[in-house]
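Enquirer: sequence and predicted structure are below.
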Amino acid sequence: MVPDETFEALVFDWDGTAVPDRESDASGVRERVEALSRAGVHMFIVTGTHVGNVDDQLGARPKGRGRLFLCCNRGSEVFEVTADGPTLVSRRTATSEEDAALSRAATSTVDRLKAIGLEANVVSERLNRRKIDLIPLPKWANPKKADIAILAEAVKSRLTSAGVASLAEVVNLASDISRAAGLADPRITSDVKHIEIGLTDKSDSARMAAGWLGQRGITGGLVLVGGDEFGPIGGVAGSDSLMMVDALKRAVVVSVGVEPEGVPEGVMHQKGGSARFLELLDSQLARRAAHRVPRIDLDPAWVVPLPTTYRRDRVAETLGALGNGLVGTRGSREEDGQGTSPLFLVNGIYDDHDDLLAGPIWIGLELSTAHHWESDRRLIDLRTGTLMRIAKQGGGLRSMRFVSAASPHAMALRAEAPGTLLGAGEPFQPPQDAQNFEREHRGEVHLARVGTSNGGIALAAHDDARTHGDTRTIERLTAWVSASASSASFDEACDRLAEMNTLGFDGLLADHRERWAQRWADAEVVIEGDPESELAARFAVFHLLCAATDADESAIGARGLTGDAYGGHVFWDADVFILPALTAIRPRAARAMLEYRIRRLPAARAAARSLGLRGARFPWESAADGSDVTPRTVRGPSGQPVAIATGAHEQHIVADVAWAADHYAAWSGDVGFLTGAGGDLVIDTARFWASRIRTDANRKGHIYGVMGPDEYHEVVDDNAYTNVMARWNLRRGAELLARTKDNAEASGWRALAEGLVDGWNPERGLYEQFAGYFDLEPLLMSEVVSPPAAVDVLLGHDRVAGSQLIKQADMMMLHHLVPDEVRPGSLAPGLAFYEPRTAHGSSLSPAISASLLARAGQAERALELFRMAARLDLDDLTGTTAGGLHLATMGGVWQALAFGFLGLRARGGSLAVRPCLPEAWRALGLRFRFEGHPVAIRADHDRVTIACVAPLRVQISDRTQLCEPPNTTFALVPSVKERRER
Amino acid sequence: MSIVVAVLDSSAAARPVLEVAQRIGEMTESPVEAVHVRSDPLKSVETPESLAARNEVPFQVLDGTVEPEILRTMDRADVLVGVIGARATTGGRRPVGRTTLHVIARMNKPVVVVPPDLIAPGSFRRLLVPLEGTEESSQPVLDRLGPLLRSDVEVVVLHVFTDVTQPAMLDRPLRDLQMMGREFLTRHYPHAAGIEFRPGPVAMRVAEVSQEQSIDLIVLSWSQDISAERARVVREVLSASALPVLLLPAPPSNVDVTKAASV
């Protein structure tokens, strides 16, 4: 039974499948092909004949978004057919040697057959192949497809008379002869009457189709493959079975042929010939006309199921959040319910309390209480950025939802259910704590908005409800607009909606899928041998991409647009954890994040002045205007106000912002960035440190009264992380300043940097995290509890503050961010000392430690922490995922892969690669951008293969080498295993 | 109409039992009746009888074996809640009496256990509900507590962190604990006015928070399996609590409570 699903692409055989034979009237096929094109369906006709034969018979001239390709000459040619007719896309042309070899192979095969008494003839010499007729008798001059079984018997009888056991034996003979004739990869096919010796076959067409479709986000399960000869005949696999390539392994495969010896596993045998095939095409057209909900490719490597129990509903809402960097919608169920927390947020639009403003809820539908909706499965398809709901048992709700990656103001959902169970209801609902919520209707357009004096959000939606048989479908297109410091415009929202209507749901979805395919082309993660880690890593990258926008400035809060935790405020999470990943996988989004900081330089300068200091002092928590929005107090456990120290003391963020700007410039190759406004980020922050440092009588510089990343020790002096980052900031600022010839100030900064204490203790061979740290109680985590653990809750704040237990990597972060600023060889001793004292009581912690451990060659321990980080939200490890995803952790996961396990570093225009993989990983592959060019790296335990589009200098095995396009493989000397054993 | 039944013995501990029964009656808007069970028909009932009379509470004497008679009485269809003393002996921390233990382990209805030293407040306004953070511990509370309460009664949930439920990571501790608290309540008891988190041990924190939060009544769900880990906590609370404890029986479970999931 062919699944009743909507397919985005059809790959099908021509003769015997779409038409009974090559002389039949194909007008019915033509109408359907052109209608499917208008409906947006892509089609690939895969045939052994040449384009003239097919196009003359078919005569289609498609004018829709769906493209039509003729894959002719058995895998050797591809033509695209448009309103103007066929145009050659690609052709495999045999070399003269190959051509000669084909002829030799064919002639030799015929001679060998004749020698054993079997009369056979070479009957055609076509592009890249030779055709041999095994039964050159007038009776069998033009056999019909329907007579295949009779023909097979006749051929078998003829072969047997010549002492040949089967058709398969003839094929094997031809294959051996072809190799002997000089063909390295001969493709031998048979339609029973003939065997063909060729350079290509239908698998080449199928792979071409799969590749083209994959670039548009259309993979396996979204494709229907149709043919009539999948099953074996005479022991030879049917020619259509060659279309079942690995790249289409989840495709739905249908045979409409006679198939006398049955069909292979995975093929649905429908029989009925071309008439049945036309019915399949009709059903596709009917589904589209009825606005049926599309499907996703249920690829376990790309699909994440959401929790289904109601107690984990809010976690599911977070995990299923969708976004495009400008807006985010939580993955709430369509039906409202107690305890749900639907949310729609717009980047950069805040309320009067400097928290992100909650927008109208647009995803609600009316569902009858007669059905147990909670049993439905909900899945997030990472590959296409869609949230899918599938009823577990027949009759439930099926829906698909997306926030468009291609049309930034567009969001859409489509739902279907038995007619009595589903209604549209009012498209918009007020959010919790709605701010001035309004509704309006203009004809069939529904409008809603919220707003404060800080800004507003307006949405416009149109619902299209249809009934087809027993099934009711509802399609909702929703446009959003926003305004800062004023009311969002209903007129503008209506205009955006009108734009969406020209594309419609299917058009928007097709563009959205394609855009996601393009994103993944620059962000792919492959972990061979560890599918669970691979999926978790893809989940992390997915949500990083959902949080990212190329639009001119982007404020990415700690939880992005996936929840209301921390009001959407921006922390160092953005600069140090998220930005490095986006710089590599979506550089323009990283630039937009820096633009957010650049535009808040005036506020940062004002903040520094207010402290009596110079330069720019970025706040710990930032929102609309760049002023400090860190709460001063929070209600404590007993209701009493508890002071928050981070705002005043966690000043390392000043250097973190500068570091982010510098890292972006070095990695992206955006050389102009630091000579312009980006340079101000580095220079003004250096100026801050210059005024912040206090010099003692010994001319040593100190930074007193700060908090490092380890927040268990709140206000300390000379925190190593802060001081060394400040030192780096001063040096880098001095370099940039010197370019403007302001050498006096630059020189002063260099001197200050030289004198700044960094915590290095030569006797211990370690950096002291802050002054006096080594004198604290030498408590280890192994004496308390297994990490991760919020030990400040377990042991109490004062006990932990008096001990050496730390919340997360603090001074060890220096090895991650500025390894050239710390002493060579201090990584391993630092890890040996600090890791046992690290509680990993912060979600920022495990990924960074994983990266450092991998770099230090401790891949197995690194893997433990990597898995902890990668599954942090999937498993709700912190108990706070309901409030939003931990985007910094996700950025850290990518960094652990890139900078830890692959050991990547940008070094003066070259890329250093130093892999260290755990044993469970056969190989690790990443795609990203470096200096503006796409790069793909695959490393196993012995070698690294790098694909590039332009020559790339790389440092591998301590040698600078050149990677030439399209790809170069380098041996790892020593190998990963050898390094581990050392 | 549903009633609250107070089981009075002949000791001084009967007074707080009756007072608590009256508070429970106000809280549930149910009338109170008192019973006294005597195994010896010649034994005087003057103490409990006069106590009931002074408080204008209907009083009944039941002759028979004590524990079965109490169970039979509480099992009546009209009984909403039973109230019984923890033990006769006053003064300090002592285990629950044998009779009370027998009753609470078998009675599949809410039963309030009253410490002998209690001076009951004028009314019950604030309840403390310690929850483990598992479905099995919260479901009885969700199912059975709500119907017992007037709308002006406030419920405070307490979750005591153990090695198993200890938070793994708190990025911004106080704000994260608030978030965890909201999520905990949404999952386990959305009707609560608030939640308190404390590190262990459980019984000690129950007593501490009860005092801090001016709690009138502690509510515990349990499996009635006196051999299970949770029963240890119930016994400790009953032994040490200066407040009455409302026990809500849960359906039987095979879950190992030492492996209880976090939030």
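Expert: Okay, I see it.

Enquirer: check contacts around residue A:274.
Expert: A:16-20, A:24, A:29, A:256 (CB atoms under 8 Å, 6 or more residues apart in numbering or on different chains). (C-beta placed from N, C-alpha, C; glycine too.)

Enquirer: in TSV: those, plus pLDDT, distance to residue A:681 and secondary structure.
Expert: Putting the contacts of residue A:274 into TSV (pLDDT from 0 to 100; distance: CB to CB, whole Å; DSSP: H, G, I helix; E, B strand; the rest coil) gives the following:
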residue	pLDDT	distance to residue A:681	secondary structure
A:16	92	66	coil
A:17	96	62	coil
A:18	97	61	coil
A:19	96	66	strand
A:20	92	70	coil
A:24	93	70	coil
A:29	97	62	helix
A:256	96	64	coil
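
Enquirer: right, and residue A:144 touches residue A:19 too?
Expert: No. Taking contacts as CB atoms under 8 Å, residue A:144 lies outside contact range of residue A:19: 11.8 Å.

Enquirer: what secondary structure does residue A:5 sit in?
Expert: Following DSSP: H, G, I helix; E, B strand; the rest coil, residue A:5 is assigned to coil.

Enquirer: ok, which stretches of the stretch 101-250 of chain B are helices?
Expert: Assigned by DSSP state H, counting those that start in this stretch, the helices in the stretch 101-250 of chain B fall at B:135-144, B:173-188, B:202-212, B:229-240.

Enquirer: nope, the stretch 351-500 of chain A is what I was after
Expert: For the stretch 351-500 of chain A, the helices defined by DSSP H, counting those that start in this stretch occupy A:490-521.

Enquirer: got any ranges where it has weak pLDDT?
Expert: Applying pLDDT under 70 to the stretch 351-500 of chain A flags residues A:393-395.

Enquirer: related to what we said a few turns ago, so between residue A:144 and residue A:19, which is more surrounded?
Expert: Using other CB atoms under 10 Å in any protein chain shown, the more surrounded residue of residue A:144 and residue A:19 is residue A:19, with 23 against 11.

Enquirer: that one contacts residue A:56, doesn't it?
Expert: No. Taking contacts as CB under 8 Å, residue A:19 lies outside contact range of residue A:56: 11.9 Å.

Enquirer: quick revisit: with the contacts of residue A:274 in mind, which one is nearest to chain B?
Expert: Among the contacts of residue A:274, residue A:256 lies closest to chain B (CB to the nearest CB), at 51.5 Å.

Enquirer: who in chain B is up against chain A?
Expert: For chain B, the residues in contact with chain A (CB under 8 Å from any CB of the partner chain) are B:135, B:161, B:163, B:166-180, B:182-184, B:186-188, B:190, B:196-199, B:212, B:262-263.

Enquirer: return the members of these classed as buried.
Expert: With burial judged by 16 or more other CB atoms under 10 Å in any protein chain shown, the buried subset of the residues of chain B next to chain A is B:135, B:161, B:166-180, B:182-184, B:186-188, B:196-198, B:262-263.

Enquirer: in the stretch 601-750 of chain A, which spans are helices?
Expert: A:601-610, A:646-649, A:653-668, A:677-692, A:720-739, A:743-755.

Enquirer: which one of these lies nearest to residue B:101?
Expert: Each of those has some distance to residue B:101 by CB to CB; the shortest is helix A:646-649, at 50.7 Å.

Enquirer: contact partners of that closest one?
Expert: With contact meaning CB under 8 Å, 6+ apart, helix A:646-649 is reached by A:619-621, A:628, A:630-632, A:705-707, A:711, A:714-715, B:172.

Enquirer: what's the closest residue to chain B within the stretch 601-750 of chain A in contact with, if anything?
Expert: Using CB to the nearest CB, the closest approach of the stretch 601-750 of chain A to chain B is made by residue A:634 at 4.1 Å. Neighbour list for residue A:634: A:641-642, A:644, B:174-175, B:178 [criterion: CB under 8 Å, 6+ apart].

Enquirer: likewise for residue A:804?
Expert: By CB under 8 Å, 6+ apart, the contact list for residue A:804 reads A:773-774, A:776-780, A:837.

Enquirer: before we move on, what about residue A:707?
Expert: Counting by CB under 8 Å, 6+ apart, residue A:707 makes contact with A:645-646, A:649-651, A:713-716, A:719.

Enquirer: most neighbours among the residues you listed, please name it.
Expert: Among those, residue A:719 has the most neighbours (other CB under 10 Å), with 32 neighbours.

Enquirer: burial measure for residue A:146, as a count.
Expert: Residues lying near residue A:146 (other CB under 10 Å) number 14.

Enquirer: could you pull up phi and psi at the residue nearest to it when sequence neighbours are not counted?
Expert: Closest residue to residue A:146 apart from its sequence neighbours, by CB to CB, 6 or more residues apart in numbering or on different chains: residue A:258 at 6.5 Å. Residue A:258 adopts backbone torsions of phi -70, psi -40, taken as degrees, to the nearest 10.

Enquirer: please look at residue A:258 and residue A:149 and confirm they touch.
Expert: Yes. Between residue A:258 and residue A:149 there is a contact under CB under 8 Å: 6.1 Å.

Enquirer: and those two? which has more neighbours close in?
Expert: Of the pair residue A:258 and residue A:149, residue A:258 is the one with more neighbours under other CB under 10 Å, namely 20 against 14.
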